[in-house]
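Undergrad: Sharing a sequence plus its predicted fold:
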Amino acid sequence: MTRWLTEAVPRGRVAAFRTLIYLFVAADLVIFTPWVRTRVSVPGDLYQPLLIGRLIPLPTPTETLVTVIFWALLALALLAATGRAPRLLGWAVCALYLEWMIIAMSYGKVDHDRFGLLVALAVLPTAGRARHGDTTRTEAGGWALRVTQIAVICTYFLAAFAKLRFGGLDWLTGSVLARAIIRRGTDLADLIAQVPYLLIVAQFGIVAFELLSPVVFFLPPRWRLAMVGFFYSFHAVTIATITISFAPHLAAMTSFLPLERVRPLVWARRLVGPGPAAPTPPDQTRADADAESPPLADQASVVGRPAGP
């Protein structure tokens, strides 16, 4: 079990995953969760912190607190994406983003798609230094990726468990997807809804896929990648039909991928091509020509004259 948990991976994969996760945190602040800053306009009495916010305890959000967290987290996440000071910057980003999520989820709604991302932020500082393109293998980095993978799969499996726990078998045969389509469906979803019993079949399929998601750990590498591809396609269909985005979960799920093969800077250099060659100094050109000239003694004699001086 220990060998499986700490299976060594290339350091380049850890570096790429780290860069991707920290860049996503920065993007999350300005694209996916900028609405957290509006929480300061909500009366403080409505702030009901999560369990962790009650245990620590954390202060009630104010405009100053939220603004400081936003800008500090944005700057530190961009710095951490460079791979510098992985432990110091990593722990700082983890703590600030956790507080950002506590503020976001303490007003009545908790999103389960953040679990894998939070685990990734918690374990990445333990992976140590890693450079892009480095093929040296690391068990510490392998452990960080494996724990993130487990969190991703737990998100699926526990989601199915919650469906059956709170909705029972009625969740499978009810109108869950139909209500979702009515609330936020797209034109594609409207076409699908017209097919008799297709939504019921889809609900059975969703629960089955979530319950069977741990199988991914028992597949050979090629089939594992194929199953992860199926996970991504499932979320693509979800976005295309009921416009529900699992972006944080999708970012964490890249822990399954051979990210060391994705090197955009190297690809960009190849597209641009080699730069123009620097001109050779005249003195160097003359010296090269003299060096290539054969010695006088080795030259053939001129007709009618003896060889040599």
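TA: All right, it came through fine. Numbers count the residues shown, from 1 in each chain.

Undergrad: Gly205: neighbouring residues, count only.
TA: 12 (other CB atoms under 10 Å). In short, each C-beta sits where N, CA and C put it, glycine included.

Undergrad: what's the spacing between whichever strand or helix holds Trp100 and its chain's center?
TA: Take DSSP states H and E as the rule and Trp100 turns out to sit in helix 86-104. Distance of helix 86-104 from the chain centroid (CA atoms, centre = their mean, to the nearest Å) equals 16 Å.

Undergrad: do the same with stretch 70-82
TA: Centroid separation between stretch 70-82 and its chain, computed with CA atoms, centre = their mean, is 15 Å.

Undergrad: per-residue confidence for Glu292?
TA: pLDDT recorded at Glu292 is 48.

Undergrad: The one 5 residues further on now?
TA: As summarised for this prediction, Ala297 has a pLDDT of 43.

Undergrad: Strands along the stretch 101-250 of the chain, start to end?
TA: Ranges of strands in the stretch 101-250 of the chain, per DSSP state E, counting those that start in this stretch, are 137-138.

Undergrad: which other residues reach stretch 247-261?
TA: The contact list for stretch 247-261, computed with CB atoms under 8 Å, 6 or more residues apart in numbering, reads 10, 12-13, 15-17, 20-21, 24, 28, 32, 113-117, 119-120, 132-133, 135, 145, 148-149, 151-152, 155, 216, 224-225, 228, 231-232, 235.

Undergrad: any idea of the mean pLDDT for it?
TA: The model assigns stretch 247-261 a mean pLDDT of 96.

Undergrad: Restrict it to CA atoms and write it as PDB.
TA: In PDB, the C-alpha atoms belonging to stretch 247-261 read as follows (Å, rounded to 0.1, in the frame of the first residue of the first chain):
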ATOM      1  CA  ALA A 247     -13.800  23.700 -13.000                       C
ATOM      2  CA  PRO A 248     -12.000  23.200  -9.700                       C
ATOM      3  CA  HIS A 249     -12.600  19.500  -9.800                       C
ATOM      4  CA  LEU A 250     -11.400  19.300 -13.400                       C
ATOM      5  CA  ALA A 251      -8.200  21.100 -12.500                       C
ATOM      6  CA  ALA A 252      -7.500  18.700  -9.700                       C
ATOM      7  CA  MET A 253      -8.200  15.700 -12.000                       C
ATOM      8  CA  THR A 254      -5.200  16.600 -14.100                       C
ATOM      9  CA  SER A 255      -3.200  14.800 -11.400                       C
ATOM     10  CA  PHE A 256      -4.000  11.700 -13.400                       C
ATOM     11  CA  LEU A 257      -2.400  13.000 -16.600                       C
ATOM     12  CA  PRO A 258       1.200  12.900 -17.800                       C
ATOM     13  CA  LEU A 259       1.600  16.600 -17.600                       C
ATOM     14  CA  GLU A 260       5.300  16.500 -18.100                       C
ATOM     15  CA  ARG A 261       4.700  16.000 -21.800                       C
END
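
Undergrad: returning to that earlier point: what packs against the helix holding Trp100?
TA: helix 11-27, helix 51-55, helix 63-80, helix 115-123 (3 or more CB pairs under 8 Å, 6 or more residues apart in numbering; DSSP states H and E).

Undergrad: in that helix, what counts as buried?
TA: 86, 89-94, 96-104 (16 or more other CB atoms under 10 Å).

Undergrad: Check stretch 17-25 too.
TA: By 16+ other CB under 10 Å, the buried positions in stretch 17-25 come out as Phe17, Arg18, Thr19, Leu20, Ile21, Tyr22, Phe24, Val25.

Undergrad: got it, and stretch 136-149?
TA: So stretch 136-149, judged by 16+ other CB under 10 Å, has buried residues Thr138, Glu139, Ala140, Gly141, Gly142, Trp143, Ala144, Leu145, Arg146, Val147, Thr148, Gln149.

Undergrad: ok, these vs Trp171, which is closest?
TA: The closest of these to Trp171 turns out to be Gln149 (CB to CB; 26.6 Å).

Undergrad: Once you drop chain neighbours, what's closest to the closest one?
TA: Ser255 (5.1 Å; CB to CB, 6 or more residues apart in numbering).
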